[in-house]
Structures are given as C-alpha cells and as structure tokens.
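K.L.:
fold the stuff below for me.
(2 chains)
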Number of protein chains: 2
Amino acid sequence: MDFTAADTYLRNARDRHLEHLMAFLRIPSVSALPAHQRDIADAAAWLADRLRDSGAPDVRLLPTAGNPVVYGHWHVGDGRPTVLIYGHYDVQPVDPVAEWESPPFEPAIRDGCVFARGATDDKGALYIALAGLDAVRELAGTPAVNLKFLFEGEEEIGSPHLQSFIHEQRERLRADLTVSADGSMWDAETPSISIGNRGLAAMQIDVRGARTDLHSGSYGGAVPNPIHALAALLAGMHDPHGRVSVRGFYDAVRTPTSSERQQIAQVPFDEEALRVQLGVRALPGEPEYTPLERTWIRPTLEVNGVWGGFQGDGIKTVLPAEAHAKITCRLVPDQDPDQVIGAIRQHVHHHTPAGVETSLTPFEGKARPYLMPPDHPALAAAARALRDVYGRDPIWVRTGGTLPVADLVKSELGTWLVFFAFGELDNRAHAPNEFLRLQSFDRGARAYVRLFEELGKLDARTLPVT
Amino acid sequence: MDFTAADTYLRNARDRHLEHLMAFLRIPSVSALPAHQRDIADAAAWLADRLRDSGAPDVRLLPTAGNPVVYGHWHVGDGRPTVLIYGHYDVQPVDPVAEWESPPFEPAIRDGCVFARGATDDKGALYIALAGLDAVRELAGTPAVNLKFLFEGEEEIGSPHLQSFIHEQRERLRADLTVSADGSMWDAETPSISIGNRGLAAMQIDVRGARTDLHSGSYGGAVPNPIHALAALLAGMHDPHGRVSVRGFYDAVRTPTSSERQQIAQVPFDEEALRVQLGVRALPGEPEYTPLERTWIRPTLEVNGVWGGFQGDGIKTVLPAEAHAKITCRLVPDQDPDQVIGAIRQHVHHHTPAGVETSLTPFEGKARPYLMPPDHPALAAAARALRDVYGRDPIWVRTGGTLPVADLVKSELGTWLVFFAFGELDNRAHAPNEFLRLQSFDRGARAYVRLFEELGKLDARTLPVT
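P.N.:
Model prediction:
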C-alpha cells in the first residue's frame, strides 16, 4: 500500500471528512439524559451510514437492553487476522453550558481545532478510524485485515449493557485483536500507547447510631456519634504517608519490575507544573513511588463523598443519627474487585466503634485492572504506525482511570485490546469547550491507514490470546 | 400568707387561667419564620396585658434590634429582694406538621394534658408564674419580693439580641436574683432543680485540596483528598474511649467533687431504658464517668455535620476539592469558649496533612458554662417551695444543653439564676405534639406562690453576687 498516496488522498478529502464529522457532532447524543433518546437513535443511524460509506459491506444496528450497538463487518480473507474496532457514539452532558465559548452542538473551528461536545470523546476519535478506512478503500480497495466494528451508545453512562451484549454476541464478535478508538495521546507532539488501565471497585459505607437525630446538649457525651465513628473508620484506611492500611488491600498487587519503572520514568512529566495547575500545596502520597507511578501502577482507596448531620448555614446542635461515605478503589494487576471489597468490609467490621452499626454496600461497575503483555506484536505494529506519522517513537503510558471495555473483550472474547486513539489528554473531554486538534485528526487518519496495513502483516495464529 | 387559701383560689381560678393560656397558645408566635412577625407582636401585646392583669403596675414593651421584650416591674418595698423573672413568648416552628394529632395552634386537652406548640416551652411554663402571681395579688395584695419581668421573643432563634438588651438596660433590670420560668422538671413525680448547664463553642472546619474536583482515575494517588484529610483531623479529636484528645481541651475542666458525683448518682436514671429508647447498641463514652455525668459535668466535642464530594445515588469517581465539618463543644466549668476554640484551631493547624489547606471559623453563639454555688439560699428557698407542693425533696440535676441566659444575667447583671420551671423533660418541646400536664400546671402555680414568699424571707444584702 502506498502511504504517500493515502496521505495525499486524505489531505484532499479533509474538508469532506471534516464536514462529515461536524454533522456527527451536531447530533446531541447525550446518553445520560432521556430527553436525548431520539438523538441517540439519530447518531446510531448516521454512524451506520458512514460505516457503509467507508466500505464495510455488512453494517447493522444491533439492539441491546439500552441503546443500540452499531455493528459492522468487512471480511477480506480467511487467512487474515480479524480486528474488532471499538468506539462509542454517545457523549457526555454539556453542563455547565454557560462556560462554552461556542454552543456545544454547533461545532466551530478556531485556532486549528474543532470545538464541540464529542469532538474528541469519542465521535472525533472514532471518525478518525473511519477516515483512515475511507483512504484504504479508495487506494487499496479492501483493508489488509478482516474488520469488525462495535460502536456502542452507552459508554458515558458506564456501558451498563456492554458486557451482556458482548457475551451474547461473542460468536459474531470473534476476533484476534481489539483496537480501541477511544483513548488519548499523551500530548500533541508525543505519540503514546497506553498498555494498561486501573480497575474499579465501588462501595458505600453507612453508619447508624440512634434511631433519630438527637439534641447534642441533652445527649452529647452519652450517645455515640456516627460521624465520629465514620471519621475513625475512614482515617484508619490510610497511614500518614498515604498508603492504604486496610489489611489485605495490597495482597495481590504486583511489584513493578525495574523495566516498568524505567518506562514510566521516561515519560515527560512535570510534577511542579501539575502541582501549580491543580492549585495544591504538594502532591503527597506513597513515598516509594513517583506521582505517575501512584496514578498508574499503584492502587488507590479514594473517598469520593461523605455526608451526615447538618450542612446548612450557621450551627445546629444536632447529634446525627447517620453518616455515610462513598468509596472507589482503583485497582492494579492482579487485584480483584471482590477481594478488595471483602478486605474493606473486614476493615469496617473489625474497626466499627462501640455503639454504632455499620454496613458496606458494593455498587455495580466493578472492573478488573488491565495490562497488556508488553511483547504483544500488535503493540509493535501500532508503534510503527505512530512513528511513521509523528516522526518519533511513541512512549508507553498507562491510564489511571478505568476503561472496562479492555477487560471485557479480554474475558469475553479472549482478545487483547490496543488503544489507538487521537486527541490528547488536554482536550477537555467531559468539560466545557471540548476540542480536537485538526493536526491530530490528520495524523490519526494517516496512522490508521498504516495500522490496518501493519496488522495485516501479523499472523493471526501467533497472536497472543488471553 | 395562707398557702391553703392560695391553693383553693388557684383551684377555683383554674378554668379561667387555662382559657388564658389557651388564648396565648393560639397565637402562632414562631420567631424563626418572618411570616409570623405579626404574631410575635400580638403575643407580646397579649402577654403585656396579662402581666398587667396579674398586678404588675409598670408593664411595657421594650424594643430590641429584633423582637420586643415584655418588661414589667412591681416594686413593693426597698428592703425586699428584687427578683427578675425570665421567660420567652416565642415558640419553635411546628414542622413536621403532619405528625401533630391536633393542630399545633389549636390547643386541645386530652388525657389531662394541653397539647399545643408552646404548651410547655415556654408559654405554658411562663404562664404558670403569672398564675402564681395572680393568686398572690388576690390573697396578699402584693408579693413579698420586688419583681421584675423580662420576657423575650427570640429565645428559639438563639436570643441574638438579648445580651445587648440586658447590657443596655442593666440599670432597669438590676436585681438580686433571677428566676427562670424556662426549664423543666426531671419527671412528673420528681421535682428537680437544675443548678448548671453546659456552655457552647461552635465552629466550622474547611479543608481544601485542588482548585476543582478531579477525576479520581486520572489523579487519584497523586493528589491529596480533602475528605481523607478531614477524616484524619476529626478522628484525631477523640481517643478510642471517647475522650477528647485535643491538647488543652480539658485544661480548665474542674474535677468533680465526690459530693457532686453523689448528687448525680442519686438521680433516678435508667441507662438501659435510655439505650432501648434511642435504639442504640450501647452508650459508650469516657469510661470513668456515667452517662449522666458525661452529659452534665463533662465537656464534649461533637461533630454536628460533615460533607464533601458526591452524595447522590450510585457512584461518581470524583476526587473532591473540598470537605467540611461543623463542630460544637459543650463546655463545663471553668472552660472558656475562646480557649477551647483556640485549642481546636491548634489541633487542626498541627495535624493538617500535607497538600491540603485547612481553616477554622468560629460561629456566633458562644456561651460559657453555668454552675450555681450549691449553698445559694435561693436554691434552698426553691427546694422548700417544691417540697411543699410535691411532698418530696427535689433532686439536683444539671442541664446538658446550653441556656445562655444564665451566664448572661450572671455576667451582665451580677445575679445568679435559679431555674423554676414546670413541664417535664418528656413534654416534646420542639417536637410534634408538645404538651403540658395540667397537674404540673397546678403544681407549678402553687409552687410559685410559695417561691415568692420564700424569696421574700431572704436578706438581699446577703444574697451571693457573681
């Protein structure tokens, strides 16, 4: 395949592709808001049409218990690897809408960027893959790999039906590799490949004292205060250095290898710049690890919310009946969400102060941590594609957050997942004035042309399975 | 004075007095709600009229920066002690109004009790003093003591203007003793005299981390969590046994004498019944002290409210920017609110974890603890009056709550204050279905007749000043 010709084609087709993307961005497919149900359907239909235009002969909407999946299949040869492309066509809500410089669903081009909700996450990043495919179709007729497409419409609400969908459709979705068009690059000039993300375990702790709120004068001193109990329970979950002190929490955590730590040390990261940007005095945490290590390869136990008693203005001399906390843990290999929840449950059970009752309720949304084998040939293929476009080797990074789809395809389809997504960490995904650099749009489409070609060189029989 | 004749008079006058009280109770003088401003004025006017009817020759409404004070003066002789009677004509709001069995401002008599908002706190208890005075006027013409009256209209909102009023009117209010018609008896068959109440110091602690809420996946592990910091700060304020572990907190606390502890041990108190009533597993606290001691003669540091981060349904993987707590301390002799606030400020300052910022903001509403000298002759006089009516000696109790007026008259007027109030702890003050036992109404009026007489026997020159 002639990459120079593909690049020229993409340069010439850019205005058309950009118009397509802007049409996609104009559909306010906010999955979190029921009022946008019609827009979800419109976005799915639009995307199916575009996927057909890009050459995929078999495109259909597959129902789920929620929003439909846009599925596509382009079979080119039995000897070729089959690659499943993942992305999502739903977007985040736009609040606070007053902070947008241009309306979130009226895409605007300024300063070499397109501004709109979904410009990067994930309509823009997803469309980049289709633009690359369009060039492949134009220049080579067919891609070098068999392609399947799974574009869901519920990612921004936590993909509640994705697992059952993939499980039920596992024959149809069977592939040798998954490529995610959802993700991001380290920065505009630094191509990166994320090889892992943290898992998630979520729970709520409820502490109950007396049957009702009480007068703190009449009863204070005699009756246990659930806020005191909760504070003691929560404070006991970390030591003064930021290590989690819940017994068993770290049991399954892999000790990072020196090569892993060297990889992370090579990532260009300015701790002081981050500190200033966030407006904090310091970035404290486990002293044995750097801030990047602490967000990438170390697990956390984070209290996301706490409440109890009086929160109004002034004072109310109440001895509250209840206090509550929400906790999420970010997990690293080989932690298991259920084991971690069990350890915290034991902690709460063993440390509940006298006089109060406690309960721990796990939430849905458990996810195992994900880490690719570093020698997976698809990583090298992706690196070659990126190097050819960016003129430099990609760095290997991790994602501190949780991308459940990675572990889902790993466990349900037996494939590893490679993140290959354009748009950068600074693109304001989920925030006002989300944007995508046109330069990244161009590079991304060119990189996808190369990725399809590179993956076509792999022998499906030797690709690692999970 | 012929007490038997007074008792007979009161028995015969009971229907009339009860009608008066019910008229008073019909005025919805809720000080917390601006919509009831007119009712406040009506209640003050009504009370001034009733005070005139009871014989006081000089009755007037005195303005404050808020609701007026109903003031009265009945001077009977220069050689007699002057006693200032304190009470309040405002009432609590009635929410949740659906829980009232009869409308809160339509007094109803059931089971030997009058049910209405204010039936006990404080319209009923205040009217009892006026009923007693009415009997004195009828049978003796004049009381045995000079009387002054200070009935305020802002007690239920924390008496925001009482201190400045008393300070400005201190010449007019000059007295040898104050008697509070606001308070309560231990139970219907156990007359009691409260000789002290706890003081109050109130504050808010604010903890701030990053400038905005952050994604707990991207930043968790690198960025300090203000909830963790707050939990550690709060947990560090108590030891596992419930003792306050803030350095200096107990510095000024008097060690209770063995006679104080014996007095408290004599109070009929059923710890197990309280535990069951409150629905708690245990009543833990400082092991060296009984529950009554812990609510009466030991100080507390109570977290009244806590909040930060996400409180909605399900999970939100946020690393919050802020966390907050409200704290009130109940103080005992000789603690000072400012010293206690200073100690907690030092605690917060010294124990603030790395990376977050903390601040402590004291609230208005500071009150010093109050404790009468046990040999004050007015206590013995009150005890004689109660014994004569109840047929048994009163017990000496304390009040775990804060009644700022006691320390106010002590510091501004130099008088001690004796609580002489009828209605019991179970009368549902501040709650739905507040009531007053008619038996307590009768006993209270008879007891006030005796109290005025007993106080008249005291020599003003030998009454302790503060």
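
K.L.:
just the pLDDT at the residue nearest the centre of chain A, thanks.
P.N.:
Nearest to the mean C-alpha position of chain A, counting by CA atoms, centre = their mean, stands A:Leu403 at 3.7 Å. A:Leu403 carries a pLDDT value of 89.

K.L.:
any idea how many residues pack against the residue lying closest to it once chain neighbours are set aside?
P.N.:
Nearest residue to A:Leu403, sequence neighbours excluded (CB to CB, 6 or more residues apart in numbering or on different chains): A:Asn197, at 4.8 Å. In this view, the C-beta of every residue, glycine as well, is placed from N, C-alpha and C. Residues near A:Asn197, counting by other CB atoms under 10 Å in any protein chain shown, number 28.

K.L.:
thought A:Asn197 was touching A:Thr402?
P.N.:
Yes - with the criterion set as CB atoms under 8 Å, A:Asn197 and A:Thr402 qualify as a contacting pair; they are 6.0 Å apart.

K.L.:
joint contacts of those two?
P.N.:
Counting by CB atoms under 8 Å, 6 or more residues apart in numbering or on different chains, the residues touching both A:Asn197 and A:Thr402 are B:Gly217.

K.L.:
just to revisit the earlier point, I'd assumed A:Thr178 was in contact with the residue nearest to the centre of chain A.
P.N.:
No - checked against CB under 8 Å, the pair A:Leu403 and A:Thr178 is beyond contact range at 11.4 Å.

K.L.:
how about residues contacting the one helix or strand A:Ala48 maps to?
P.N.:
In this assignment (DSSP states H and E), A:Ala48 forms part of helix A:37-53. Contacts of helix A:37-53 from elsewhere in the structure, counted by CB under 8 Å, 6+ apart, are A:20, A:23-24, A:27-31, A:59-61, A:67-68, A:70, A:72, A:89-90, A:126-127, A:130, A:134, A:149, A:151, A:153.

K.L.:
the longest helix belonging to chain A - what's its average pLDDT?
P.N.:
With DSSP state H setting the assignment, residue counts place helix A:3-25 as the longest helix in chain A. Mean per-residue pLDDT for helix A:3-25: 98.

K.L.:
residue in the stretch 51-200 of chain A nearest to chain B?
P.N.:
For the stretch 51-200 of chain A and chain B, the shortest gap (CB to the nearest CB) falls at A:Arg198, measuring 6.4 Å.

K.L.:
distance of that residue relative to A:Arg368?
P.N.:
Counting by CB to CB, to the nearest Å, the gap between A:Arg198 and A:Arg368 amounts to 10 Å.

K.L.:
next, show the common contact partners of those two.
P.N.:
With CB under 8 Å, 6+ apart as the test, A:Arg198 and A:Arg368 both reach A:Leu331.

K.L.:
okay, these two: which has more neighbours?
P.N.:
A:Arg198 (31 against 23).

K.L.:
now the more buried one. Nearest residue, chain neighbours left out?
P.N.:
Nearest residue to A:Arg198 in three dimensions, chain neighbours excluded: A:Arg330, at 4.0 Å (CB to CB, 6+ apart).

K.L.:
my guess is the one you found contacts A:Leu200, does it?
P.N.:
Yes - look at A:Arg330 against A:Leu200 with CB under 8 Å: they come within range, at 6.5 Å.

K.L.:
by contact count, what packs against the host helix or strand of A:His167?
P.N.:
A:His167 belongs to helix A:162-168 when assigned by DSSP H and E. Contact partners of helix A:162-168 among helices and strands, from 3 or more CB pairs under 8 Å, 6 or more residues apart in numbering or on different chains; DSSP states H and E: strand A:146-152, helix A:404-413.

K.L.:
surely A:Tyr127 forms part of a helix?
P.N.:
Yes - assigned with DSSP: H, G, I helix; E, B strand; the rest coil, A:Tyr127 falls within a helix.

K.L.:
verify the contact between it and A:His17 for me.
P.N.:
Yes - the pair A:Tyr127 / A:His17 is scored as a contact, 7.4 Å apart, by CB under 8 Å.

K.L.:
these two: who's more crowded?
P.N.:
For the pair A:Tyr127 and A:His17, the greater number of neighbours falls to A:Tyr127 (30 against 19), based on other CB under 10 Å.

K.L.:
leaving out the residues flanking it, which one is nearest to that one?
P.N.:
Once its chain neighbours are removed from consideration, A:Tyr127 has its nearest residue in A:Leu21; the separation is 4.7 Å (CB to CB, 6+ apart).

K.L.:
what is the neighbour count of the one you found?
P.N.:
As a burial measure, the neighbour count of A:Leu21 was computed by other CB under 10 Å and equals 25.

K.L.:
and the stretch 301-450 of chain A, which residues reach chain B?
P.N.:
A:302-311, A:314-320, A:323-326, A:328, A:330, A:353-357, A:363-365, A:399-402, A:425, A:430 (CB under 8 Å from any CB of the partner chain).

K.L.:
thanks again, I'm all set now.
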